[in-house]
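Chemist: Okay, here's the prediction I keep looking at, along with the sequence it came from:
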Amino acid sequence: MKARYGEKKTVTIRRFEPRDLGGVLEVDAEVGGDHDPVLFTVFYESHPSTLLVAESEGQIIGVVVGFRQSPSEGRVFWLAVRPGHHGLGIGCRLITDLMAIFRKLGVIKVILEVRMGNQKAQSLYAKMGFGMATACPDYYPDGEGAIIMTRPL
Ligand SMILES: CC(C)(COP(=O)(O)OP(=O)(O)OC[C@H]1O[C@@H](n2cnc3c(N)ncnc32)[C@H](O)[C@@H]1OP(=O)(O)O)[C@@H](O)C(=O)NCCC(=O)NCCS
């Protein structure tokens, strides 16, 4: 799917391909993540239809990692947008496209967890129809709690 933003830039949301790995790792590093590169290869091999990237002018500017964890339940594992492209609706577009794919796969409920301190992501997910289901203190290895959010499809 293609859409325009800003003056001249076109953003395409599409499936991840192995050649995107370098760009995805750059996005990860720019948002302070430290995912093992193997993780993306594993998701690509096991859940290729729900590993999506946003591309603009040949550059990977966003990624969403989702997977169907049971026949009826989807999970958003990770979402990130390159900081220079924040606030332009790219995160929402990645989630919107992922939800459409989940729907086609027969998913009726989507679940995710987000750090308690990550207000930006919580706002995005709330805007995309997710509601807070549970708060889990001490969820992450660094001691921060998580909020579990879900939405029906
Ligand atoms: C969270 C993240 C993916 C948002 O991506 P984005 O492309 O900037 O988001 P969008 O432009 O689609 O914004 C959608 C909504 O998110 C929320 N949002 C985005 N930026 C925000 C900010 N700076 N402050 C508060 N809410 C914000 C708003 O609800 C916004 O809707 P609005 O524009 O109508 O106000 C991005 O900030 C990011 O990559 N953060 C680092 C990685 C991360 O935290 N990932 C989530 C892991 S669970």
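Modeler: The structure has been received and is ready for your questions. Since this is a predicted model, take the numbers as computed values, not measurements. Residues are numbered from 1 along each chain as shown.
Chemist: List the residues that contact the residue in the chain positioned nearest to the ligand.
Modeler: Closest approach between the chain and the ligand, counting by C-beta to the nearest ligand atom: residue 91, at 2.7 Å. Placement of C-beta: from N, CA and C, glycine included. Residue 91 makes contacts with 62, 79, 81, 124, as judged by C-beta atoms under 8 Å, 6 or more residues apart in numbering.
Chemist: And for residue 60?
Modeler: Neighbours of residue 60 in contact, by C-beta under 8 Å, 6+ apart: 20, 23-24, 26-27, 53-54, 82.
Chemist: rerun at 7 Å
Modeler: Contacts for residue 60 (C-beta atoms under 7 Å, 6 or more residues apart in numbering) come out as 20, 23-24, 27, 53.
Chemist: Across the sheet, point out what pairs with the closest residue to residue 33 other than its chain neighbours.
Modeler: Nearest residue to residue 33 in three dimensions, chain neighbours excluded: residue 80, at 6.5 Å (C-beta to C-beta, 6 or more residues apart in numbering). Applying DSSP bridges to residue 80 yields these beta-bridge partners: residue 63.
Chemist: What is the burial count for residue 80?
Modeler: A count of nearby residues for residue 80, using other C-beta atoms under 10 Å, gives 23.
Chemist: Would you confirm that it contacts residue 30?
Modeler: No. Counting by C-beta atoms under 7 Å, residue 80 stays clear of residue 30, with 8.1 Å between them.
Chemist: Around the ligand, which positions in the protein sit nearby?
Modeler: Contact residues (C-beta under 6 Å from any ligand atom) of the chain with the ligand: 31, 79-81, 86-92, 114, 118-121, 123-124, 127.
Chemist: Helices of this structure, start to end?
Modeler: Applying DSSP state H to the chain gives helices spanning 21-30, 37-46, 90-104, 119-127.
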